[in-house]
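Visitor: Fold the stuff below for me.
(2 chains)
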Amino acid sequence: MIPPFDYKTPKTLQEASNLLWGYKERAKIIAGGTDLVIALRNEALRPEALIDITHIPELRKIEEQDGVICIGAAVTHSEIFSSSLIHQYGKVLSDAVSEIGSPQIRNIGTIGGNIINASPAGDSIPPLLVLDAMATVVSAEGRKEVPLPHLFESPYQTTLKPYEILVNVQFKKLSPSMKGGFVRLARREGMAIARMSVAIVLELEKREERIEEIRIAIGAVTPTPQRMSEAEGFLKGRLPDEESLRKASTLISEAIIKRSGIRPSTSYKRPVVEALFKRAVKEALVRR
Amino acid sequence: MKIEFTLNGSLTKVDVPFHWTLLRLLREGVGLTGTKEGCGIGECGACTVLLDGMPVNSCLILAPKIEGRSIETVEGLGRRDLLHPLQKSFIEHGAIQCGFCTPGMLMASKALLDRNPQPTRKEIKEAISGNLCRCTGYQQIIEAIEALKK
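Guide: Next comes the predicted model:
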């Protein structure tokens, strides 16, 4: 049973941050509520007040300005999937959010909520990492921009203070030569939390088609999401052939083990990460 | 908390605690028990209603969120003496056994056909991917929806 609370619907960001400044940890921000309402229902959270940010126009927009795409924190996964702007310039993100939960969840769940929930398996996060996304955080103290990886403290815990609000995520438009790939593994096709996901952005140089740049993030395998920088560095300048991809996968597995330790699932995940990584690269190459 | 919204085409006012979910508001606040609670955590789709035409899990939506918005439930779909074509098709194709998933399935299917009158089988499956059925094995449900392709 959900305990009683107060429900606020600020119409501006200023109003929201002032409210939150007053309540601090006694209030929780609600956007779609697909994670929050469950936590309220099982009393994992008992806030005095909920501050609904879905009436703040700035948080509901998808915009482009000066080559940067900006997605408001209260934009739903369905809206991201239908956005031609994101489809064209950040498809790795649309691909990922299209597999979250179910149509019903995607119609109300938001990208901001997915990020702030900070699940190690949050599907929007690896794509945002390979898009080099920045997060805008606002509070009564001011406005700041933070590289997305800095938002994550530990599983289900962000680095945000109780009076801070995630307002949007932003990333530079992918140029036409940069191709994304996203592959997700779960027990079922729908309504299943990701067991592992691979998000990449890949660019080949023109003459010999060697890898100019590759960005790799693996979801659901580390406590907080991160880029696979050793594998990225290894692959730069190489051809995306079987041998290079296999070696890169080994570097990825090692990075995962370094972070998460050896677990019962490691012997399963090692060959699987290689297979998924190769699939993601293939997907990106096919799109050229 | 007083909430005003459009329910199955009619302007409706209720006064419910603000921590009630839309599901509870519909079943206990308004008395429309067609929408079912299967899991209460947004993982079965039995509670599916349409919010501004979009299928949503009513068990995850808090009452204040529907202020000024439009809700459609299975009660608005058809009546015993005037069934919606989807309801007729479900009956004809044996797509109903215990009936518990059915209201949610109907609302998800209605939303699909409203936006896409000629869905492929893949699109049908995707549209009902948020609705679990323990009885039928889904085949009859898919056929019932497919039969309504224009």
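
Visitor: Buried residues of stretch B:55-67, list them for me.
Guide: Going by neighbour count (16 or more other C-beta atoms under 10 Å in any protein chain shown), the buried part of stretch B:55-67 is B:P55, B:V56, B:N57, B:S58, B:C59, B:L60, B:I61, B:L62, B:A63, B:P64, B:K65, B:I66. C-beta here means a position set from N, CA and C on the backbone, and glycine is covered the same way.

Visitor: Can that stretch be said to contact chain A?
Guide: Yes: judged by C-beta under 8 Å from any C-beta of the partner chain, stretch B:55-67 comes into contact with chain A through B:P55, B:V56, B:N57, B:C59, B:L60, B:I61, B:L62, B:P64, B:K65.

Visitor: If I look at the third one, what pLDDT would I see?
Guide: This means B:N57. Looking at B:N57, its pLDDT is 98.

Visitor: which phi and psi does the nearest residue to it once chain neighbours are set aside have?
Guide: Residue nearest to B:N57 in three dimensions, not counting chain neighbours: B:G42, with 4.1 Å by C-beta to C-beta, 6 or more residues apart in numbering or on different chains. Main-chain torsions, B:G42, degrees, to the nearest 10: phi 70, psi 30.

Visitor: Equivalent analysis for A:V37, please.
Guide: Torsion angles, degrees, to the nearest 10, at A:V37: phi -60, psi -30.

Visitor: circling back: next, give me the two most distant ones among the residues of stretch B:55-67 next to chain A.
Guide: The largest separation in the residues of stretch B:55-67 next to chain A, counting by C-beta to C-beta, is between B:P55 and B:P64 at 20.3 Å.

Visitor: Tell me which entries of the residues of stretch B:55-67 next to chain A lie within strands.
Guide: Among the residues of stretch B:55-67 next to chain A, the ones falling in strands (DSSP state E) are B:P55, B:V56, B:N57.

Visitor: Enumerate every residue touching the first one.
Guide: The reference is to B:P55. By C-beta atoms under 8 Å, 6 or more residues apart in numbering or on different chains, the contact list for B:P55 reads A:P103, A:Q104, A:N107, B:T48, B:V49, B:M107, B:A108, B:A111, B:A127, B:G130.

Visitor: Those residues in helices, which ones?
Guide: Here DSSP state H is the test, and these give A:P103, A:Q104, A:N107, B:M107, B:A108, B:A111, B:A127 as lying in helices.

Visitor: Let me know the closest of these to A:S78.
Guide: So of the ones in helices among the contacts of B:P55, ranked by how close each gets to A:S78 (C-beta to C-beta), first place is A:N107, at 5.0 Å.

Visitor: burial of that closest one, as a residue count?
Guide: Counted with other C-beta atoms under 10 Å in any protein chain shown, residues neighbouring A:N107 total 24.

Visitor: which one is it nearest to, not counting chain neighbours?
Guide: Take A:N107 and drop its neighbours on the chain: the residue closest to it by C-beta to C-beta, 6+ apart is B:M54, 4.3 Å away.

Visitor: Name whatever forms a beta bridge with the one you found.
Guide: B:L51 (DSSP bridges).

Visitor: could you measure it against B:P119, distance?
Guide: 16 Å (C-beta to C-beta, to the nearest Å).

Visitor: which of the two has more neighbours?
Guide: B:P119 (19 against 16).

Visitor: Touching the helix or strand where A:S94 lies from outside, list them.
Guide: Secondary structure assignment for A:S94, by DSSP states H and E: helix A:91-97. Contact with helix A:91-97 is made by A:77, A:80-81, A:83, A:86-87, A:106, A:111, A:114, A:123-124, A:126-128, A:130-131, A:174, A:180-182, A:184, A:197, A:199-201, as judged by C-beta under 8 Å, 6+ apart.

Visitor: Which secondary structure state does the residue nearest to B:L83 when sequence neighbours are not counted sit in?
Guide: Excluding its sequence neighbours, the residue lying closest to B:L83 (C-beta to C-beta, 6+ apart) is B:I91, at 7.7 Å. At B:I91, secondary structure determined by DSSP: H, G, I helix; E, B strand; the rest coil is helix.

Visitor: Give me the neighbour count for B:I91.
Guide: 12.

Visitor: just to revisit the earlier point, give me the buried subset of the contacts of helix A:91-97.
Guide: Buried, going by 16+ other C-beta under 10 Å: A:77, A:80-81, A:83, A:86, A:106, A:111, A:114, A:123-124, A:126-128, A:130-131, A:174, A:180-182, A:184, A:197, A:199-201, out of the contacts of helix A:91-97.

Visitor: near chain B, which residues of the stretch 51-200 of chain A?
Guide: Proximity of the stretch 51-200 of chain A to chain B (C-beta under 8 Å from any C-beta) is limited to residues A:52, A:54, A:78, A:101-105, A:107-108, A:189-191.

Visitor: same thing but 7 Å
Guide: A:D52, A:S102, A:P103, A:Q104, A:I105, A:N107, A:I108, A:E189, A:G190, A:M191 (C-beta under 7 Å from any C-beta of the partner chain).

Visitor: got a winner among those for most neighbours?
Guide: A:Q104 (33 neighbours).
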